[in-house]
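Enquirer: following is a predicted model, sequence given first.
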Amino acid sequence: MAAAAEGKAGGRARTGPPRIMAAPLRLQGITKRFGALTAVDGVDLEIRAGEVLALLGENGAGKSTLMKLLYGFLPLDAGRIEIEGRPAQLPDPRAAMAAGIGMVFQNFTLIPALSVRDNLRLAWPDAAAWRNRREDAAVVERLHRLAPGIDPERRVADLPVGAWQLVELAKVLNQDARLVILDEPSSVLTPQEAAALHGFVRDLAAEGRRVVIITHKLADVAACADRVAVMRRGRLVDEAAAADRSEGDLVTAMIGTRAPAPARPRLTGRPVPRLELQGLSGRAVDRIEGIDLAIGAGEIVGVAGVAGNGQQALAEIVAGLVAPAAGQVLLDGRPVARPPEARGGGGFRSPIAYVPEEPSRRAVVAELSLAVNLALRRIPELPWLRPLRGLRAGAAGALADWDVRPPEPERPAGTLSGGNLQKLVAARELGGGPAAADGPPDGPGAIVACYPTMGLDVKASAAIYERLFAHAGRGAAILWLSEDLDDLLRHADRIAVLHHGRIAGLLPADGTDAAALGRLMTGGRVDAHAA
Ligand SMILES: Nc1ncnc2c1ncn2[C@@H]1O[C@H](COP(=O)(O)OP(=O)(O)OP(=O)(O)O)[C@@H](O)[C@H]1O
């Protein structure tokens, strides 16, 4: 990456306090259109030094687009950006970095095959400078402070997603960004990591930097924002001091109504086992060891754990993407086909529905249309040689039911906002619409849902819960991985805590609290171990 920020004349990144941009950074009349869609519509916004601004809004509101315009990643259609009182030309990210603007994206830009250190070296402002030993130590210094647990010599591909985000953030800070834009930074972090990030964000502001956090989590606002700005359908609809807005105010500004509150009755008694994991061991990015778990008909078992403790291996093995090294998965007493039969050459006809982590990388083909992406599960049945008219008609209904915006079956999936992409995957894997009260009789026997509401606004999250609850209502067994302990405690029947690839505890959600889960997540004990 280019030598960028001003003041790096000597080819050295500044590691001390940054030069402060005291005058406001102003966005005036910012507008961006994609064809007929006005994604950002005449936005005026001030971003002040020493302040954390939370940028909120429903999925597809235009938050990422607005920040990509500021980062020079997209060209403006209208409006101007003023930095320190002067109009700024930011035709590309290189120019934005030179102006002290850095952005951590939702979709990461790291090179998975390289080590953390090499990724940071590649992004160091003066690519040659790190060859001397002092510079090379400086390359990882930020990361050490931000996340002391991340080994710089590990390959990025072998790290959990939460760690990728922190490496990205270290990369941006190494470039001496004085405006740091974080696009949904806490969505993949555990509560402990999120708390560390909030502290770090406050420190950045205390150093005089500007910080913009795009987020759906109101906890982020409470923990670190000074000011809030809310977007809806491309427009800025509210801007205020964070202290002047309640959570209810913010939700109403975002979605126009009060937050829906999905709920389900907890199971009573012990249901007939439906999805059984027997002595399951194996490896994906992380690994699991001897997992025994039986999930009953209509039961939701939540899985909690610090990222990297086996969640991904568990999900991918149960969903049939990765063959276990030992053990088996049974559905209704019968072994589930192992890969490649389950999802390889024979098609995707696994009886277990799967909402994976990071749908943009793992669950959609960005270049293909929404209609084709919705049909991917049915590949072997698809009449590829016939026109896709039928697919389009079916897709239109699913897109409308799930409120995927814009609901255009022909649109390439890669042009959807992150949250709308997540809704698309939910529509395919969970079927029907969230409004359907009962699950379909022919729905999946079991569901593996990994962080299914990540990046979703409150309304879309409620839709996913309602749909999962409907499936549980008609007897599906649900394995639900989540980083949100409060959500698990509220909605699951039992909660399994993963630690070092094993189940450290299996607790009834009723009567358990987040502190007990937290202790198990970090290797501690609680009294009641069996549920
Ligand atoms: N490259 C693109 N081509 C066409 N449309 C796009 C493109 N990028 C974004 N859009 C559309 O612009 C609108 C705003 O998207 P944006 O990603 O800014 O939303 P967001 O508020 O960040 O949403 P989320 O919370 O879901 O990430 C959406 O309707 C999206 O589909």
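Expert: In hand now; what should we look at?

Enquirer: checking Asp118 next. Helix, strand or coil?
Expert: At Asp118 the chain is in helix, as set by DSSP: H, G, I helix; E, B strand; the rest coil.

Enquirer: so what's the residue nearest to it when sequence neighbours are not counted up against?
Expert: Once flanking residues are discounted, Asp118 sits nearest to Ile111: 7.7 Å by CB to CB, 6 or more residues apart in numbering. In short, each C-beta sits where N, CA and C put it, glycine included. Listed by CB atoms under 8 Å, 6 or more residues apart in numbering, the contact set of Ile111 reads Asp118, Asn119, Leu122, Val156.

Enquirer: do the same with Arg210
Expert: Met21, Leu25, Ile47, Arg48, Ala49, Gly50, Glu51, Leu53, Arg178, Leu179, Val180.

Enquirer: which residues does it bridge with?
Expert: Leu179 (DSSP bridges).

Enquirer: counting neighbours, what do you get for the residue in the chain positioned nearest to the ligand?
Expert: Residue of the chain nearest the ligand, by CB to the nearest ligand atom: Gly419 (2.7 Å). When counting by other CB atoms under 10 Å, one arrives at 27 neighbours for Gly419.

Enquirer: and the residue nearest to Asp118, how far from Leu120?
Expert: 11 Å (CB to CB, to the nearest Å).

Enquirer: please list all residues in contact with the residue of the chain closest to the ligand.
Expert: Counted by CB under 8 Å, 6+ apart, Gly419 has contacts Glu58, Asn59, Gly60, His216, Gly455, Leu456, Asp457, Ala460.

Enquirer: check which helix or strand the third one maps to.
Expert: Put plainly, it is Gly60. Using DSSP states H and E, Gly60 falls within no helix or strand.

Enquirer: wait, doesn't Glu46 sit right on Arg26?
Expert: Yes - contact criterion CB atoms under 8 Å: Glu46 and Arg26 qualify, at 5.5 Å.

Enquirer: which one of the two is surrounded by more residues?
Expert: Applying other CB under 10 Å to Glu46 and Arg26 shows that Arg26 carries more neighbours, namely 19 against 16.

Enquirer: can you list the strands that the one helix or strand Val230 maps to pairs with?
Expert: Following DSSP H and E, one finds Val230 within strand 227-232. The pairing partners recorded for strand 227-232 under DSSP bridges are strand 52-57 (parallel), strand 235-241 (antiparallel).

Enquirer: quick check: next helix or strand after the longest one?
Expert: Toward the C-terminal end, the helix or strand that comes next after strand 235-241 (DSSP H and E) is helix 247-255.

Enquirer: got the buried residues for that next one?
Expert: Leu250, Val251, Thr252, Ala253, Met254, Ile255 (16 or more other CB atoms under 10 Å).

Enquirer: do a quick rundown of the helices in the stretch 301-450 of the chain.
Expert: Counting by DSSP state H, counting those that start in this stretch, one finds helices in the stretch 301-450 of the chain at the ranges 311-318, 359-362, 370-374, 389-401, 418-430.

Enquirer: and these as a markdown table, adding mean pLDDT?
Expert: Listed next are the helices of the stretch 301-450 of the chain as a markdown table, based on pLDDT from 0 to 100:
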| stretch | mean pLDDT |
| --- | --- |
| helix 311-318 | 94 |
| helix 359-362 | 79 |
| helix 370-374 | 89 |
| helix 389-401 | 80 |
| helix 418-430 | 91 |
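
Enquirer: now distance to Gly149 too, for those helices, in TSV please.
Expert: Shown next, in TSV, are the helices of the stretch 301-450 of the chain (distance: least, CB to CB, whole Å):
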stretch	distance to Gly149
helix 311-318	17
helix 359-362	23
helix 370-374	36
helix 389-401	41
helix 418-430	26
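
Enquirer: contacting residues around the residue nearest to Pro351 when sequence neighbours are not counted?
Expert: Spatial nearest neighbour of Pro351, excluding adjacent residues (CB to CB, 6+ apart): Gly445 at 5.1 Å. For Gly445, the contact set (CB under 8 Å, 6+ apart) comprises Arg274, Leu275, Leu331, Asp332, Pro351, Ile352, Ala476, Ala477.

Enquirer: pLDDT value on Gly445, please?
Expert: Here the pLDDT value assigned to Gly445 is 90.

Enquirer: list phi and psi for it.
Expert: phi -70, psi -30 (degrees, to the nearest 10).

Enquirer: relative to Gly298, how far out is it?
Expert: For Gly445, the distance to Gly298 (CB to CB) stands at 11 Å.
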